[in-house]
Structures are given as structure tokens and as C-alpha cells.
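Asks: How does the following fold in three dimensions:
(2 chains)
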2 protein chains.
Amino acid sequence: MSVSRELFPLVLVDIALFCVDQRGLRVLVVRRADEPEKGRWALPGGILKPDIDVSLQDAALRVLREKVGVEIPHLEEVCTFSGPDRDARGWSISVLFYALLPRNEIEAVGKKKVEALDWSDAARPAQKLAFDHAAQLRRALATLRDKVERHALPLHLMPEKFTLTDLQRTCEAILGRELDKSVFRRRLKGSEDLLELDEFERGAQRPAQLWKARVGFQFAV
Amino acid sequence: MSVSRELFPLVLVDIALFCVDQRGLRVLVVRRADEPEKGRWALPGGILKPDIDVSLQDAALRVLREKVGVEIPHLEEVCTFSGPDRDARGWSISVLFYALLPRNEIEAVGKKKVEALDWSDAARPAQKLAFDHAAQLRRALATLRDKVERHALPLHLMPEKFTLTDLQRTCEAILGRELDKSVFRRRLKGSEDLLELDEFERGAQRPAQLWKARVGFQFAV
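Replies: Numbering: from 1, shown residues only, chains lettered A, B, ... in the order given. From the prediction side, this is the model:
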């Protein structure tokens, strides 16, 4: 059946893809290759395709695959943004997700259907973002921080093997503040998601024990 | 412009409207007057109308007004449900909200564009719900409980004046467990949202002081 376009809102997904590198918590921004807002920086996003996507989450995974060539292990819904004026194409809904990328996979991300990409400071992005993406980024960051404040371990950000100090630094990068080491270690003791390895990382002073995440761990509190 | 319907998903809003009455935490369910799932019980919901709604939240407020004749003071988004098979009309997205109704406004709710309505046990609804609404209700309840566990005060559920015992019973009804009175009172002392009145409720034993919510209070933690 044929119907008027005006009766149907445009449905989009946008993704705040976070990683932690040596500079701290970063978010992926892309320079748009197409109108609207062509040439401007934005969170990666795209239009839902009901003929190929089986859910909104599936659409978000596809968009990341198509635009920046990355397969994401973890994605969480934040909230929707909607209204007649947020996109020049008309009444639109954007469903915002955030995703966590392991440090060792940052190199795998590359521009595909975008003009350029950058890992920007998540709390103070260098670029002025298109649409309502600055507000979207703030909401995604607040949701991620809230979860880590509540003691969820962001193991999706870690490489396969890591030290507990490394994990603490990652949490600190997300929260933007230092954590007390002994309190943090006590928190870890209660986690069933960490597995101790019989391997050590050679550090400057003394070798630090390596750990890995249990298969099937949850990013839950 | 005219386009194929298949390219556009159906966009709906559904609302878990909670109240606390003498039986405990209840949720509004309605018997559907129209296909699909005509005659079955469901959460109140409806199709987004881009020509009159200015946001998804606005659509949810309109649906409650049109179907059960109630103006809601408070609404929060929970998450989306999406996919090709959840609604017989085709690929659909439902954006789920929960809303809190003050006890003294329960009587104002009445059937309008629905065949019947009922205030069902929120944790164990008597009716088998249509679509994926049983899962929606569980998610909405979990989100509400999580917020109250984290010490948000559900003042939207209270009448204009209430006792602190009454507020504690309301929190207990949501959580499904008893709270320690002295811990609960300490929590209230830290709240800037409660205003002490120079009025008392005559109880069985001794008069209990009445309180009210500060104008513009937030349901925040």
C-alpha cells in the first residue's frame, strides 16, 4: 500500500561508541558524508531498515559495521530523542545506544561510509556536533558513568588480559575522578566476573598479576 | 511524496501507569476496543501521530488523555521494544514509558476509547497481556523499583498532604518489602523535597504530622 510520508516519522539509531586510551575516555565522532548536515561532525548513526534489521539494536550494530567497520561486543539503549525539528528530513525519532570498545580493537575502526573519524574527548569533545548529538553524548556519558558509579565493571573496554591497576584506571577514566585503591580492590573481590591468571606483566617495579574476564560476564549492577 | 508502507515501521507508545492503593502497587490495564488483539487486555498504548504530537512523550500523554481520560503529572521513558513480529500490523517500535498517578486521582480514570479497564496487581497481573506487554510491564516495574531502591521519593504517587508513615508504606508497596523505619526517616531528613505542615492527621493512637511535596520537586536520585 502507498501512504503519505508525513504520516510516518523517520526512525534512526545513533551510537556513542566509547573507548579508553592513554588520554582517557574517548568517544567516536564521524564527519558526515551525506546531507543533511553534510561535512559536520556527529555520532555515527543511520536510518532503521525494516527490510534487513530485526530490531533497533540490530540496526545500531549494522550502522557501526557499515560506517566504521567495527563489530561491537556490547551495546546498551540509553533513550529516545524525538520531534518535528531535530532533523531537516522531518519528524524523526532517534534511538540512542552506547557501546564499549576494547582498547585492543581501537585500531580496527576505520572510515568507510564517512568522510573522516576522530576519537574525541568524551566529556569535552573538540568538535561541535550536528543535530542534537551534543545532548545525546551527554546523556550517554551520564548513563555509562552512573552504571560504573554503581559498581558495574566495564570489562568490555579491557583487552583480553589486564592488571587490576589497569582496570582501576579505566573506571577512573570513565568517572573522571580517582578511586581509592583499597576500596576498589574490595569491590573486585566480590565480583564473579574476574578470573585470576597464572601470568604476570613485567612492570617498572614489580611484576603485576594478569586477570581476564569470565566468558559471558554481564555489565550489570 | 508517496512511499511504500513497508519502508516505515509502525511507531507506538505504551504506558505502564502505576498507582498505590490500599491493596498495594497496581498498574492500569485496558481491554482493547480495536484490532489487532481486540478484546484482549493490554497496557494503554497508541500510534504516534506526527501531525499532532511534538515528541514521543507528548504522544504518551495524549494516549492516556484519549483512552482513559487522565492528565499525568509525571512520565519517564523506560526503553524501546522493536522487531518484525511483535505486532500483526508489521515491523513496529514501541517506546515504553511509566507514569505515576496520585492516589486521590485514581477515581478520575475512566474508560473512553477502551472496552474496560482494571487496576491490576503490578507484580502479578490477573490478566494475560497482549503483544509483549507482560515483558514491558516487568521492565517498567524493575525500572521504578530500581529508582526507589536508590532512594528517589515517589512523591507523584502521594495525595497533596500525607504522613511520613504513608510515604513509607508507598515505597514499601513499590519495593514489595518492608523498610526499616529509622533508616527511612534518616533518608527523608536529607530530602529538600518535603515540606513540613503545621497540620496533623487524627489517627487511631496519636495525631500524625502532615507533609507535602515541594513545588517542582524531582523524582531523582
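
Asks: going forward, measure contacts between C-alpha atoms and count neighbours the same way
Replies: OK.

Asks: ok, the residue nearest to A:L64 when sequence neighbours are not counted to B:A59 distance?
Replies: The shortest distance from A:L64 to any non-neighbouring residue, by Cα to Cα, 6 or more residues apart in numbering or on different chains, is to A:V70 (5.9 Å). When distance is defined by Cα to Cα, to the nearest Å, A:V70 is 35 Å away from B:A59.

Asks: Likewise for A:A116?
Replies: 37 Å.

Asks: Those two - which one has more neighbours?
Replies: Taking other Cα atoms under 10 Å in any protein chain shown, A:A116 and B:A59 do not tie; B:A59 has more neighbours (22 against 17).

Asks: Please give the element, helix or strand, for A:Y98.
Replies: strand A:92-100 (DSSP states H and E).

Asks: can you pull out the helices in chain A?
Replies: Assigned by DSSP state H, chain A shows helices spanning A:56-68, A:133-149, A:164-175, A:181-189.

Asks: about what we covered before: quick one: buried residues of the strand holding A:Y98?
Replies: A:92-100 (16 or more other Cα atoms under 10 Å in any protein chain shown).

Asks: go on, stretch A:137-151?
Replies: A:137, A:139-145, A:147-148, A:151.

Asks: Which parts of chain A belong to which domain?
Replies: A:8-149, A:155-213 (automatic domain parsing).

Asks: how far does the first one sit from the chain's center?
Replies: Once both centres are worked out by Cα atoms, centre = their mean, to the nearest Å, domain A:8-149 turns out to sit 8 Å from its chain's centre.

Asks: What average pLDDT does it get?
Replies: Taken as a whole, domain A:8-149 has an average pLDDT of 96.

Asks: swap in the shortest one?
Replies: Averaging the model's pLDDT scores along domain A:155-213 yields 93.

Asks: and the end-to-end length of it?
Replies: Domain A:155-213: ends 7 Å apart by Cα to Cα.

Asks: ok so, going back, now the buried residues of strand A:92-100 in JSON lines, with distance to chain B?
Replies: JSON lines is the format used below for the buried residues of strand A:92-100 (distance: Cα to the nearest Cα, whole Å):
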{"residue": "A:S92", "distance to chain B": "9"}
{"residue": "A:I93", "distance to chain B": "8"}
{"residue": "A:S94", "distance to chain B": "11"}
{"residue": "A:V95", "distance to chain B": "8"}
{"residue": "A:L96", "distance to chain B": "10"}
{"residue": "A:F97", "distance to chain B": "11"}
{"residue": "A:Y98", "distance to chain B": "13"}
{"residue": "A:A99", "distance to chain B": "16"}
{"residue": "A:L100", "distance to chain B": "19"}
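
Asks: how about the strands in chain A?
Replies: For chain A, applying DSSP state E gives strands covering A:2-4, A:10-21, A:24-31, A:41-42, A:45-47, A:75-83, A:92-100, A:116-121, A:194-201, A:208-213.

Asks: Using TSV, please lay out the ones you listed together with distance to B:C171.
Replies: Formatted as TSV, those follow (distance: least, Cα to Cα, whole Å):
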stretch	distance to B:C171
strand A:2-4	47
strand A:10-21	35
strand A:24-31	37
strand A:41-42	42
strand A:45-47	40
strand A:75-83	25
strand A:92-100	31
strand A:116-121	40
strand A:194-201	35
strand A:208-213	37
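
Asks: Go through those strands and name the closest to A:V183.
Replies: With Cα to Cα as the criterion, A:V183 lies closest to strand A:194-201 of these, at 16.5 Å.

Asks: The closest one versus helix A:181-189: what angle between them?
Replies: 120 degrees (axes from the mean of the first three to the mean of the last three Cα atoms, to 10 degrees).

Asks: Neighbours of the nearest residue to A:Q127 once chain neighbours are set aside, how many?
Replies: The spatially closest residue to A:Q127, leaving aside those adjacent along the chain, is A:W41, at 6.5 Å (Cα to Cα, 6+ apart). For A:W41, the neighbour count with other Cα under 10 Å is 24.

Asks: my guess is the residue nearest to A:L64 contacts A:E107, does it?
Replies: No - counting by Cα atoms under 8 Å, A:V70 does not reach A:E107; the two are 9.9 Å apart.

Asks: Just want to know which of the two has more residues nearby.
Replies: A:V70 (20 against 8).

Asks: Please report how far the more buried one lies from B:R202.
Replies: 65 Å.

Asks: what's the answer for A:L194, then?
Replies: The value you get for A:L194 to B:R202, if Cα to Cα is used, is 56 Å.

Asks: dump the residue contacts of the residue nearest to A:L64.
Replies: A:64, A:108-110 (Cα atoms under 8 Å, 6 or more residues apart in numbering or on different chains).

Asks: likewise A:P207?
Replies: A:200-201.

Asks: Enumerate every residue touching A:A122.
Replies: A:18, A:25-27, A:137, A:141.

Asks: can you do 10 Å?
Replies: A:16-20, A:24-29, A:137-138, A:140-141, A:174 (Cα atoms under 10 Å, 6 or more residues apart in numbering or on different chains).

Asks: do A:D121 as well
Replies: Contacts of A:D121 (Cα under 10 Å, 6+ apart): A:18, A:20, A:23-29, A:127.

Asks: Now neighbour count and distance to B:T163 too, for those residues, in a markdown table please.
Replies: Below are these laid out as a markdown table (neighbours: other Cα atoms under 10 Å in any protein chain shown; distance: Cα to Cα, whole Å):
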| residue | neighbour count | distance to B:T163 |
| --- | --- | --- |
| A:F18 | 26 | 46 |
| A:V20 | 24 | 48 |
| A:R23 | 9 | 52 |
| A:G24 | 18 | 48 |
| A:L25 | 22 | 46 |
| A:R26 | 23 | 48 |
| A:V27 | 25 | 47 |
| A:L28 | 22 | 50 |
| A:V29 | 26 | 51 |
| A:Q127 | 16 | 51 |
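
Asks: Would you mind listing what in chain A touches chain B?
Replies: Residues of chain A found near chain B (Cα under 10 Å from any Cα of the partner chain) are A:1-11, A:48-58, A:77-85, A:90-93, A:95.

Asks: Give me the distance between the spatially closest residue to A:E192 that is not a sequence neighbour and chain B.
Replies: Leaving aside its sequence neighbours, A:E192 sits nearest to A:R214 (Cα to Cα, 6+ apart; 7.7 Å). In this structure, A:R214 and chain B are 26 Å apart, going by Cα to the nearest Cα, to the nearest Å.

Asks: what number of residues lie near A:R214?
Replies: 13.

Asks: A:D166 too?
Replies: The burial count for A:D166: 13, using other Cα under 10 Å.

Asks: Contacts only, for the residue nearest to A:Q127.
Replies: A:29-33, A:114-118, A:126-131, A:133.
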